[in-house]
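**Student:** here is a sequence with its predicted model. Questions after.
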Amino acid sequence: MKLYYHEKWKNFGDCVNYNIFKELFNQDITRTRYYKADFLGIGSVLTRVLYNPTPHHTWKNLRKLYYSIARRHKPINILGSGFFEDVRETYGELKLFRGVNIIALRGHKSKDIMELILCKKLDDIAMGDPGILSSELIKGEKIKKIYKLGIIPHMADQNSDLLHEFSLRSDTCILNIKTPPVEFMKSVASCESIASSALHGLIAADSLHIPNLWIKMSDRLAGQDFKFYDYYSVYEIKPEITDLRYMPRFEITPEYVLDRYQVEAQAVEDIKSALTAAFNELFKNNE
């Protein structure tokens, strides 16, 4: 399985690609460059299938043009990927460099863009971020609840001064999003509630049915929060952002999180089932 996903930063939301497709779907994974890949996995990687819009990316477009010819009979399978920004506003032209076979997309915002590009409806695909399946990596394990609240900063927020007050609480832990996926999931499972500025921290908590809160700690994340709204669109909710820069940190309690949590457990399980069925069907047909 020649799979593309981000690897540079060793982030949970990227690294969990290997665990999910290897351990849950029994695939032999070879991570490869996006232009050689047969599969695009979890993450905001859908811009990789587009020609770049600016002149200084011309050499990348030439490489894409080469692979569009060399692999013209082999479309890229899209396994729940999403865009990191609304490319309708930032790209002058939306043009695929290779054909795509869309099995799943992260959310309806990414789906709307792909429908525009393909000039057709995608009503028969699975919807949801496959990171929601990460609970299956620790299924059956009995993990004791140790902390009332877990804080998961995005990689860009890991040195934020806003974390200091949380580190002083005995009932609160700060989780590292760069921890290996199975270990990270166990640490999430040890918390009764989660507050995260990283999307896949929230997704990991949703997968375990742990109440969670989307927090903002900086303006360092690119994409104007597109990926967050994309993810939550499958639940038909518009989430609120809790900006820690403009409120007392002591107000962030498990009760505060629970009062604002909107994701329904059954909706999570329905998305897990739909993604699992779609992937099993794909891999069965590719045997």
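**Tutor:** Arrived safely.
**Student:** make it CA atoms for all contacts and neighbour counts henceforth
**Tutor:** OK.
**Student:** in the helix or strand Met114 falls within, which residues are buried?
**Tutor:** Using DSSP states H and E, Met114 sits in helix 108-118. Using 16 or more other C-alpha atoms under 10 Å as the test for burial, helix 108-118 gives 108-111, 113-114.
**Student:** let's verify Arg245: helix, strand, or coil?
**Tutor:** Under DSSP: H, G, I helix; E, B strand; the rest coil, the three-state class of Arg245 is helix.
**Student:** before we move on, the earlier item: what comes into contact with the helix holding Met114?
**Tutor:** Identification of contacts with helix 108-118 by C-alpha atoms under 8 Å, 6 or more residues apart in numbering yields 82-83, 87-88, 94-96, 105, 121-122, 127, 229-231, 233-234.
**Student:** between which two of those is the distance greatest?
**Tutor:** Farthest pair in the contacts of helix 108-118 (C-alpha to C-alpha) is Lys95 and Val234. Separation: 25.3 Å.
**Student:** so which of the two has more stuff around it?
**Tutor:** Ranked by neighbour count (other C-alpha atoms under 10 Å), Lys95 and Val234 place Val234 first, with 19 against 14.
**Student:** pull the distance from the helix or strand of the chain with the lowest mean pLDDT to the chain's centre.
**Tutor:** Among the helical and strand segments of the chain, the one scoring lowest on mean pLDDT, DSSP states H and E is helix 58-70, with a mean of 91. Using C-alpha atoms, centre = their mean, to the nearest Å, the mean C-alpha position of helix 58-70 is found 27 Å from that of the whole chain.
**Student:** alpha carbons of that helix, as PDB, please.
**Tutor:** Output of helix 58-70 as PDB, limited to C-alpha atoms (Å, rounded to 0.1, in the frame of the first residue of the first chain):
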ATOM      1  CA  THR A  58       6.200  25.700 -11.600                       C
ATOM      2  CA  TRP A  59       8.900  23.000 -11.200                       C
ATOM      3  CA  LYS A  60       6.500  21.100  -8.900                       C
ATOM      4  CA  ASN A  61       3.800  21.400 -11.500                       C
ATOM      5  CA  LEU A  62       6.200  19.900 -14.100                       C
ATOM      6  CA  ARG A  63       6.800  17.000 -11.900                       C
ATOM      7  CA  LYS A  64       3.000  16.600 -11.400                       C
ATOM      8  CA  LEU A  65       2.600  16.800 -15.200                       C
ATOM      9  CA  TYR A  66       5.100  14.000 -15.700                       C
ATOM     10  CA  TYR A  67       3.300  11.700 -13.200                       C
ATOM     11  CA  SER A  68      -0.100  12.600 -14.600                       C
ATOM     12  CA  ILE A  69       1.100  11.000 -17.800                       C
ATOM     13  CA  ALA A  70       3.100   8.200 -16.300                       C
END
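**Student:** can you pull the buried residues of that helix?
**Tutor:** 61, 64, 68.
**Student:** cool, and stretch 224-232?
**Tutor:** Using 16+ other C-alpha under 10 Å as the test for burial, stretch 224-232 gives 226-232.
**Student:** can you redo the residues you listed as JSON lines with pLDDT?
**Tutor:** Formatted as JSON lines, the buried residues of stretch 224-232 follow (pLDDT from 0 to 100):
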{"residue": "Phe226", "pLDDT": "96"}
{"residue": "Lys227", "pLDDT": "97"}
{"residue": "Phe228", "pLDDT": "97"}
{"residue": "Tyr229", "pLDDT": "97"}
{"residue": "Asp230", "pLDDT": "98"}
{"residue": "Tyr231", "pLDDT": "98"}
{"residue": "Tyr232", "pLDDT": "98"}
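**Student:** out of those, the closest to Asp14 would be?
**Tutor:** Lys227 (14.0 Å).
**Student:** which element is the closest one on?
**Tutor:** helix 226-232.
**Student:** and that helix, how far out from the chain middle?
**Tutor:** 9 Å.
**Student:** quick one: the most centrally placed residue in the chain and Pro248, what's the gap?
**Tutor:** Against the mean C-alpha coordinate of the chain, by C-alpha atoms, centre = their mean, the closest residue is Gly43 at 4.5 Å. Gly43 is 32 Å from Pro248, where distance means C-alpha to C-alpha, to the nearest Å.
**Student:** what's the answer for Leu96, then?
**Tutor:** 46 Å.
**Student:** who has more neighbours, these two?
**Tutor:** Each of Leu96 and Pro248 has its neighbours counted (other C-alpha under 10 Å); Leu96 has more, 18 against 11.
**Student:** phi, psi for the more buried one please.
**Tutor:** Phi and psi for Leu96, reported as degrees, to the nearest 10, are phi -80, psi 140.
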